[in-house]
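S.K.: Sequence and predicted structure below; questions after.
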Amino acid sequence: MAKRGGFPGGGMPGNMNNLMKQAQRMQRQMEENQKELETKEFTAKSGGGAVEVTVTGNKQITKVKLSKEVVDPEDIEMLEDLVMAAANEAIRLSEEANAEAMNKMTGGMGGGFPF
């Protein structure tokens, strides 16, 4: 009685085997790119450079720099807004670099597979 399903000889056909190798290679490349991105830093400024925030590729804030002129005890809200704006921009730069790296790897497929 013939076995239902599976492949003759119990192995994968050549095309499926090649596809699996490509997927494994792409996964390794993605891991390498992610590690590389995590070591990069992205810096953004706000308030004409009065506030500067640096984040890593995995979105961890590593540095906040404030100029003396922006520290006004009478206007803490402005300083808070400037820090938030610079932090959000630095995170956006990090995400943009990540998306760009993924786009290069997937050939513009949007990070997914066409099946």
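M.R.: Noted; the coordinates are in hand.
S.K.: mind listing what Met78 touches?
M.R.: Val70, Asp72 (Cβ atoms under 8 Å, 6 or more residues apart in numbering). Using the backbone N, CA and C atoms, a C-beta is placed for each residue, glycine as well.
S.K.: Report the separation between the spatially most central residue of the chain and Ala85.
M.R.: For the chain, the residue nearest the mean C-alpha position is Asn98 (3.0 Å; Cα atoms, centre = their mean). Note on Asn98: its distance to Ala85, by Cβ to Cβ, to the nearest Å, is 21 Å.
S.K.: swap in Met105?
M.R.: From Met105 to Ala85 the distance is 31 Å (Cβ to Cβ).
S.K.: before we move on, back to that, wait, doesn't the residue nearest to the centre of the chain sit right on Glu38?
M.R.: No - the criterion here is Cβ atoms under 8 Å, and Asn98 misses it with Glu38 at 9.8 Å.
S.K.: shared neighbours, these two?
M.R.: Gly57.
S.K.: Tell me how many other residues crowd Met26.
M.R.: Met26: 13 surrounding residues under other Cβ atoms under 10 Å.
S.K.: likewise Val55?
M.R.: Val55: 24 neighbours (other Cβ under 10 Å).
S.K.: tell me which element it falls in.
M.R.: Assigned by DSSP states H and E, Val55 belongs to strand 51-56.
S.K.: on contacts alone, who are the packing partners of that strand?
M.R.: strand 41-46, strand 61-66, helix 76-106 (3 or more Cβ pairs under 8 Å, 6 or more residues apart in numbering; DSSP states H and E).
S.K.: what's the average pLDDT for the last one?
M.R.: Per-residue confidence for helix 76-106 averages out to 91 on the pLDDT scale.
S.K.: And for the second one?
M.R.: Across strand 61-66, pLDDT averages out at 95.
S.K.: Strand partners (parallel or antiparallel) of it?
M.R.: If you go by DSSP bridges, strand 61-66 pairs up with strand 51-56 (antiparallel).
S.K.: got the angle between the strand it pairs with and strand 41-46?
M.R.: 160 degrees (axes from the mean of the first three to the mean of the last three Cα atoms, to 10 degrees).
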